Structures are given as C-alpha cells and as structure tokens.
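In: pasting the sequence and the predicted coordinates here, then a few questions.
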Amino acid sequence: MAWPDVEPIKSTRIYAEIVRQIKALVAEGKLKSGDQLPPERELAEKFMVSRTSVREALRALESLGLIEIRPGEGTFVKEVSVEALIEPLALVILTQKQVAAELFEARRLLEPPIAGLAARRASREEVQELERILDEQAKEVAGGRTGLTQDAAFHTAIAHSTRNRAITRLVTTLMDLLTQSREESLHTPGRPERSHEDHRRILQAIQARDEEEARRAMLDHLVAVERLLTGREPEEARAPQPGPEPRRRRPGR
C-alpha cells in the first residue's frame with residue numbers, strides 16, 4: 001500500500017504527536033485493519049524524528065489496542081475491538097474546534113456520576129494513588145508549572161477506580177480531546193492553584209464515601225473550567241443535578 005502523507009513533527013512531546021497523527025489516519029480510514037506500518041527506520045524518516053520517539057509511539061498505540069507488533073513480521077493495524085471503539089470514533093472530531101462546547105457538556109454529564117461511583121467503589125489503594133497524584137500536582141504548581149499531567153492522571157484514576165473499562169476509556173478519550181483547552185485553562189493566572197483545590201475537595205468526598213458530595217465537587221470543578229474558557233454559565237451550574245440519594249460515609253475497603 002502507498003503510505004499516506006504525514007507532517008514533520010514539531011511538538012516537544014514528539015511521541016504523542018506521532019500517536020495523534022497515526023490515530024487520525026485510522027479514524028479517517030487512510031489506515032485500515034490489517035495494513036502494515038513501515039519499519040521504525042522508515043517511520044522515523046517520514047516523521048523526521050528519532051527511532052526512539054517512534055518506538056515510544058508504537059508502544060503507546062499498542063497499549064491503546066490500535067496496532068499489533070508481531071516479532072519478526074512487523075507492525076499491523078488491528079481490527080477495532082469493542083473496548084477500543086469509543087476512542088477511534090471520537091478521533092473523527094479531533095480537529096473540529098467547534099465541538100469543544102459539546103465535549104465540555106459530555107464531561108459535565110459523565111464525570112460527576114463517575115466521581116460518585118468512585119466514592120462507592122474506590123479501594124484503599126486507589127484512594128492512596130489519588131493522594132499521590134495530588135501531592136505531585138501540588139509540587140508542580142508550587143514550582144510555577146501547570147500540573148497538566150497530574151490533572152489528567154487524577155481524572156483518569158477516578159475513572160479507573162470505578163472498575164469499569166468503558167468508563168475509563170471514555171474519560172481517557174475526553175482528556176485527550178480536550179488537552180489543548182485544559183492547557184489553556186491551566187495557563188490562566190491562579191487557575192493551577194484553584195484546580196488543585198478543586199481536586200482536593202473531590203478526593204475528600206471520595207475518601208468520606210460521600211457520593212453526592214463527590215458528584216457536586218466534580219460538577220463545580222468542571223463548571224469553573226468551562227466558565228473560564230468560554231465565558232458562559234453552563235446550565236448545570238444553575239440547577240441541581242439529578243441523581244440517586246447519597247450514600248454517606250461508608251467505611252473504606
């Protein structure tokens with residue numbers, strides 16, 4: 001097959017940009033199930049990057065279930081599994097900036113109930129991992145940095161603690177699609193500190209097994225971010241969010 005044109009890599013996060021371009025090619029149908037990718041050396045030349053960056057990108061794509069690396073044979077695009085369907089479909093809208101508002105709405109609909117479910121299901125070890133992530137975020141923010149990596153890790157870890165792979169995939173996809181918007185938000189003066197405070201409130205609710213407070217804390221956090229970036233007041237900020245009766249202060253496992 002003729003390999004599609006790709007763009008030279010200019011991002012400082014080189015491997016992530018390679019991943020983005022290859023995922024986009026899959027989403028657009030330019031790479032199909034069974035297609036073989038060029039060897040590492042050739043990919044490095046096409047993207048104008050090191051073979052190390054290509055290798056890291058291939059490992060990331062393999063972990064996402066989009067490619068299969070067969071020793072002695074090569075690297076092939078996999079048939080999309082049920083588990084991996086959500087992300088490739090979302091990639092179709094990756095470059096459409098006008099859908100940012102819809103993505104924010106999706107977060108507001110999805111992540112508060114997810115936080116509530118985490119308050120019910122998170123194990124002691126998973127709560128400790130959330131604490132560790134926020135400790136790292138605090139150090140990053142204190143050092144004058146945005147803490148973007150820890151921000152994404154926190155939301156993803158909450159999703160992971162629900163023990164639902166589809167939920168984890170959805171949240172990971174939303175994090176990827178909104179990376180640029182979240183980065184812009186965190187470059188606003190005072191926003192990294194506020195984000196960390198919001199995360200602490202969410203974690204405290206999860207620690208207390210307070211499902212309703214976890215939902216509310218997450219919603220307040222997402223509304224604040226959206227308000228900052230769009231200048232709009234999301235409708236969820238003006239009306240109580242429906243949900244089940246709260247289960248309060250169950251002891252952790």
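Out: Yep, that arrived. Because the structure is predicted, anything quoted here is derived from the model rather than measured.

In: gap between whichever helix or strand residue 118 is part of and the chain center?
Out: Assigned by DSSP states H and E, residue 118 belongs to helix 100-121. Put simply, helix 100-121 sits 12 Å off its chain's centre (C-alpha atoms, centre = their mean, to the nearest Å).

In: what are the buried residues along it?
Out: Within helix 100-121, the residues that count as buried by 16 or more other C-beta atoms under 10 Å are 100, 103-108, 110-119. Yep, even glycine has a C-beta here, placed from its N, CA and C like the rest.

In: average pLDDT across it?
Out: Looking at helix 100-121 alone, the average pLDDT works out to 91.

In: pull the residues that contact the helix or strand following it.
Out: Remark: after helix 100-121, the chain's next helix or strand is helix 124-142, criterion DSSP H and E. By C-beta atoms under 8 Å, 6 or more residues apart in numbering, the residues outside helix 124-142 that reach it are 118, 122, 146-147, 149-151, 153-154, 157-158, 160-161, 192-193, 195-196, 199-200, 203, 206-207, 252-253.

In: for stretch 170-189, same thing?
Out: Contacts for stretch 170-189 (C-beta under 8 Å, 6+ apart): 86-87, 90, 93-94, 100, 103-104, 106-107, 110-111, 114, 146-148, 151-152, 155-156, 158-159, 191-192, 195, 225, 228-229.

In: roughly how far is it from the heart of the chain?
Out: Its chain's C-alpha centre and that of stretch 170-189 lie 8 Å apart, by C-alpha atoms, centre = their mean.

In: any low-confidence regions in the stretch 151-253 of the chain?
Out: 180, 230-253 (pLDDT under 70).

In: then the stretch 1-150 of the chain?
Out: In the stretch 1-150 of the chain (pLDDT under 70), the answer is 1-3, 6-13, 80-99.

In: could you redo the last one with a cut-off of 50?
Out: Applying pLDDT under 50 to the stretch 1-150 of the chain flags the ranges 11-12, 82-83, 85, 88-89, 92-97.

In: all strands of it, in order?
Out: Taking DSSP state E, counting those that start in this stretch as the test, the strands found in the stretch 1-150 of the chain are 36-37, 67-70, 74-77.

In: so who does the residue lying farthest from the centre of the chain touch?
Out: Within the chain, residue 72 marks the point farthest from the mean C-alpha position, 32.9 Å out by C-alpha atoms, centre = their mean. With contact set as C-beta under 8 Å, 6+ apart, residue 72 has no partners.

In: next, it: phi, psi?
Out: Main-chain torsions, residue 72, degrees, to the nearest 10: phi 80, psi -10.

In: state the distance from it to residue 63.
Out: 21 Å (C-beta to C-beta, to the nearest Å).
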